[in-house]
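Student: sequence and computational prediction follow.
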Amino acid sequence: MRQGEGADSLTGRVAIVTGGSSGIGFAIATRLAASGAAVMISGRNAKTGLAAQEALTGSGGVAAFLQTDVTDEVAVTELVAQAARQFGPPTLLVNNAGPSGDAFGLGLVHELPASAFADAMNVGVMGALLCCRAVLPHMMAQGRGAIVNISAIAAARAIPLMGAYAMCKAALEALGRQVANDYARHGVRCNNLQVGTVRPQAGDVSTLPDTFDHGLLDRAIAATTMAGRVGNYAEAAEAALFLLSDRSSFITGASIPVDGGATGKLAYPDYTDAMGD
């Protein structure tokens, strides 16, 4: 099948993927470009972003990168305007940029400074809000649009030491439902993708240090899923593509887990071996 053909075809569509130069964001941008969309990716790191742009165009995709801080309203306005000038009106948006580093806020609620919660909300929620505000007029003018917010299972289930992260993801999902409700009359859909633990595959661009050893943690996490394993970036990207394509035309305002069944499984001992023959 040639690029852009089939049920998932996005030929003629213009997409913006924030945080699209590495990790899940880059996997999503790659999948959208392969489906025929012109993709504008944004990120804070110019070197990584330009490398991502080169990778997408080198594979035959139509893509560009613009260095953007999604917490800066002027910068976000320019991101959307640049996408429109270069490719046409954007009708697809992936709000993938989220808290990382100090903004991730890993720690106990009473020990984390209030600034950690503010930073997580600023990047993970206000950034998405600014992107929605900038792109919605283009979607309304076209009478169609699809937005996917990259959330996490932390929005639905408590995870140790992730209070700030969980708070921002829960708020992001509330924003997504509101957008879905208020703009459905304009042909715009908005859904939240609750991503579980996913790791890079060979060839993926990772946001984690090269020395990071996932082994012990991944085995523990795998035991909490129905699938018995962690996921990968490509699986998250496939779910995002589905929600952006016309195949999901009757899905909006939803929070859909891509987590190997983690949110549906009670953390309880497996009695299989104890049952005997």
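Tutor: The structure has been received and is ready for your questions.
Student: how far off centre is the strand or helix carrying residue 218?
Tutor: Taking DSSP states H and E as the definition, residue 218 sits inside helix 215-222. Helix 215-222 sits 23 Å away from the centroid of its parent chain (CA atoms, centre = their mean, to the nearest Å).
Student: the next helix-or-strand element following that helix pairs with which strands, parallel or anti?
Tutor: Once the chain leaves helix 215-222, the next helix or strand it forms, by DSSP H and E, is strand 231-232. Here strand 231-232 has these sheet partners by DSSP bridges: strand 198-199 (parallel).
Student: gap between the partner strand and the chain center?
Tutor: The answer for strand 198-199 is 13 Å, by CA atoms, centre = their mean.
Student: can you give the contact residues for it?
Tutor: Contacts to strand 198-199, defined as CB atoms under 8 Å, 6 or more residues apart in numbering, come from residues 24, 206, 214, 218, 230-233, 235-236, 258. The C-beta positions use only the backbone N, C-alpha and C, and glycine is treated the same way.
Student: and the helix holding residue 218, which residues are buried?
Tutor: Applying a neighbour-count criterion of 16 or more other CB atoms under 10 Å, one finds residue 221 buried in helix 215-222.
Student: filter the contacts of strand 198-199 down to the buried ones.
Tutor: 24, 230-233, 235-236, 258.
Student: of all those residues, which two lie farthest apart?
Tutor: 24 and 230 (13.1 Å; CB to CB).
Student: render the CA-only coordinates of the worst-scoring helix or strand of the chain on mean pLDDT in CSV, please.
Tutor: Here the helix or strand of the chain ranked lowest by mean pLDDT, DSSP states H and E is helix 215-222, holding a mean of 81. Extracted C-alpha coordinates of helix 215-222, given in CSV (Å, rounded to 0.1, in the frame of the first residue of the first chain):
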residue,chain,number,x,y,z
GLY,A,215,14.6,-4.3,33.5
LEU,A,216,13.5,-4.5,37.1
LEU,A,217,10.9,-1.8,36.9
ASP,A,218,9.4,-3.2,33.7
ARG,A,219,9.0,-6.7,35.1
ALA,A,220,7.2,-5.2,38.1
ILE,A,221,4.9,-3.1,35.9
ALA,A,222,4.3,-6.0,33.5
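Student: who touches that helix?
Tutor: 197, 199, 228-230, 262.
Student: for ChimeraX, what selects the buried ones among those residues?
Tutor: Of the contacts of helix 215-222, the buried ones can be selected in ChimeraX as follows, counting by 16+ other CB under 10 Å:
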select :197,199,230,262
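Student: tell me the secondary structure at the closest residue in space to residue 35 that isn't next to it in sequence.
Tutor: With CB to CB, 6 or more residues apart in numbering as the criterion, residue 35 has its nearest non-adjacent residue at 4.5 Å, and that residue is residue 10. Three-state assignment for residue 10 (DSSP: H, G, I helix; E, B strand; the rest coil): coil.
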